[in-house]
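1. test case, fold it:
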Amino acid sequence: MTDTSSTPDTRTPAQIEADIKRRRETLAETLDEIGVRVHPKTIVGDARAKVVSQVDHTLGRAYVGANRVVSQVKGQLVTEDGAPRLERLLPVAMVVVGVVGLLAYGARRRKD
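-> Next comes the predicted model:
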């Protein structure tokens, strides 16, 4: 900041008034921007956008991870030409049938 007390102001009153008017307009714009930024709807909208972005990012990562797991399992149970690998599918199928049978038996016991 310059020290204006030691140097005389050489501006005309019209120039000073124009400068004051310009600074008021700039200040009014700044206050309007601040008002918009601190308005509750703006704050809620910004927070909502941030949450949506994070959820989208998390869901995207989950999708990629799930897709990777499915591809790995498929690679274990199916050959490259798409034919099932029976030596690996049969044990898996037997485990699934056993688990379903145990669940059905447990549900039936609870009913009785």
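2. quick one: distance of stretch 67-75 to the chain centre.
-> Using Cα atoms, centre = their mean, to the nearest Å, the mean C-alpha position of stretch 67-75 is found 26 Å from that of the whole chain.
3. can you pull the domain assignment for the chain?
-> 13-77, 84-112 (automatic domain parsing).
4. which of the ones you listed comes out lowest on mean pLDDT?
-> The weakest mean pLDDT among those belongs to domain 84-112, with a mean of 89.
5. can you give the distance of that one from its chain's centre?
-> Distance, centroid of domain 84-112 to centroid of chain: 39 Å (Cα atoms, centre = their mean).
6. buried set for it?
-> Residues of domain 84-112 classed as buried by neighbour count (16 or more other Cβ atoms under 10 Å): none. Every C-beta, even on glycine, is put in place using the N, C-alpha and C of the backbone.
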